[in-house]
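# sequence-free structure coming up:
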């Protein structure tokens with residue numbers, strides 16, 4: 001899928017990156033982390049997609065294809081004091097299709113996150129900057145700012161409300177340039193010393209585009225289950241996720257209102273081959289229903305990646 005990272009559309013990927021991984025790292029590693037920490041991952045492999053598309057433009061080709069995917073990221077952390085922490089990172093994703101070269105994409109993402117931990121509450125803010133290219137040309141720039149709090153309701157239950165402002169700018173389609181404001185609440189339950197977790201979340205978003213027909217409000221729900229375990233002395237992780245949202249678009253003519261319902265499901269399996277290597281397998285299905293024919297489609301993706309980490 002063009003202009004996507006691990007999960008769904010560009011904006012969704014950023015939301016996931018700003019919630020689950022950073023939260024998990026802070027909750028379980030903050031007490032033992034060094035003053036400075038650096039980690040990185042690089043992975044490469046193949047991805048099959050049943051319906052190659054550009055989700056941000058709601059354009060589906062109706063054709064299947066296989067792509068070579070190269071992905072790398074580096075994350076840095078600085079425990080400035082007992083309470084104050086600074087995190088930052090950069091990631092790169094390149095996708096090249098065998099035949100659908102018009103959908104070849106490259107995504108670069110950088111972020112910075114600062115948080116301050118109180119007794120049972122953490123206050124934080126972050127900024128994300130993403131630049132996406134399509135077929136070797138500038139396509140989309142996204143800047144996102146978030147303010148969040150993280151509340152420890154028990155030893156294993158955490159609540160993370162946040163408020164986000166995002167600015168999307170398309171290089172050649174100014175009618176789709178948009179600003180959005182969203183409010184989200186995510187709840188996390190950890191078990192077995194963090195080896196397992198369940199997350200549930202709800203989101204409300206209001207996006208205003210330069211052209212009214214692309215402006216909408218959206219309500220959404222998401223859920224994720226993750227389990228780390230050892231089988232035959234091999235460390236493995238299995239995750240299942242689901243996301244559902246409904247979009248109500250603005251329309252000058254009430255008789256031609258547009259309503260969209262998005263349903264997305266994914267499953268991933270990570271098998272560690274020692275301390276620094278892993279094999280990643282993923283399957284994802286998306287059902288995008290819309291009263292606009294060009295935005296009404298479904299797709300299935302399957303990926304196989306080899307990952308190196310440090």
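Yes, it's here. Quick caveat: nothing in here was measured; it's all calculated off a predicted structure.

# which intervals of the protein have sub-threshold pLDDT?
For the chain, applying pLDDT under 70 flags the ranges 1-34, 252-255.

# Run through the helices of it in chain order.
Taking DSSP state H as the criterion, the chain carries its helices at 10-29.

# Contact partners for residue 202?
184-185, 219-222 (CB atoms under 8 Å, 6 or more residues apart in numbering). All C-beta spots, glycine's among them, are computed from the backbone N, C-alpha and C.

# Of these, which is the nearest to residue 80?
residue 184 (26.8 Å; CB to CB).

# so residue 109 makes contact with residue 129?
Yes. Between residue 109 and residue 129 there is a contact under CB atoms under 8 Å: 7.3 Å.

# of these two, who's got more company?
Neighbour count, other CB atoms under 10 Å: between residue 109 and residue 129, residue 109 has more, with 21 against 15.

# Burial check on the nearest residue to residue 77 once chain neighbours are set aside, number of neighbours?
Distance criterion CB to CB, 6 or more residues apart in numbering; nearest residue to residue 77, sequence neighbours excluded, is residue 37 at 4.3 Å. As a burial measure, residue 37 scores 14 neighbours (other CB under 10 Å).

# again with residue 225
16.

# List the contacts of the residue nearest to it when sequence neighbours are not counted.
Spatial nearest neighbour of residue 225, chain neighbours left out: residue 240 (4.9 Å); criterion: CB to CB, 6+ apart. By CB under 8 Å, 6+ apart, the contact set of residue 240 is 224-225, 265-267.

# thinking again about what came up before, among the contacts of residue 202, name the buried ones.
184, 220, 222 (16 or more other CB atoms under 10 Å).

# And those residues, which is closest to residue 116?
Among those, and counting by CB to CB, the member closest to residue 116 is residue 184, at 20.3 Å.

# partner residues bridging the closest one?
Taking DSSP bridges, one finds residue 162, residue 203 as the beta-bridge partners of residue 184.

# Spit out the contact partners of it.
Residues in contact with residue 184 (CB under 8 Å, 6+ apart) are 15, 161-162, 164, 201-204.

# Among these, name the buried ones.
15, 162, 164, 201, 203.

# How about the contacts made by the nearest residue to residue 273 once chain neighbours are set aside?
Leaving aside its sequence neighbours, residue 273 sits nearest to residue 279 (CB to CB, 6+ apart; 6.5 Å). Going by CB under 8 Å, 6+ apart, residue 279 touches 270-271, 273, 304-307.

# need the residues you listed in JSON lines with neighbour count and distance to residue 192, can you?
As requested, the contacts of residue 279 are arranged in JSON lines below (neighbours: other CB atoms under 10 Å; distance: CB to CB, whole Å):
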{"residue": "270", "neighbour count": "18", "distance to residue 192": "17"}
{"residue": "271", "neighbour count": "15", "distance to residue 192": "19"}
{"residue": "273", "neighbour count": "13", "distance to residue 192": "23"}
{"residue": "304", "neighbour count": "13", "distance to residue 192": "28"}
{"residue": "305", "neighbour count": "20", "distance to residue 192": "26"}
{"residue": "306", "neighbour count": "13", "distance to residue 192": "28"}
{"residue": "307", "neighbour count": "18", "distance to residue 192": "23"}
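
# and the two most separated of these?
So, the contacts of residue 279 by CB to CB: farthest apart are 273 and 304, at 13.7 Å.

# Give me the phi and psi for residue 233.
The phi/psi pair for residue 233 (degrees, to the nearest 10) reads phi 60, psi 20.

# Tell me where the stretch 1-150 of the chain has strands.
36-49, 53-54, 59-60, 65-79, 84-97, 105-117, 121-134, 137-152 (DSSP state E, counting those that start in this stretch).

# before we move on, back to that, and of the contacts of residue 202, the nearest to residue 96?
Closest to residue 96, out of all of the contacts of residue 202 and judged by CB to CB, is residue 222, at 29.6 Å.
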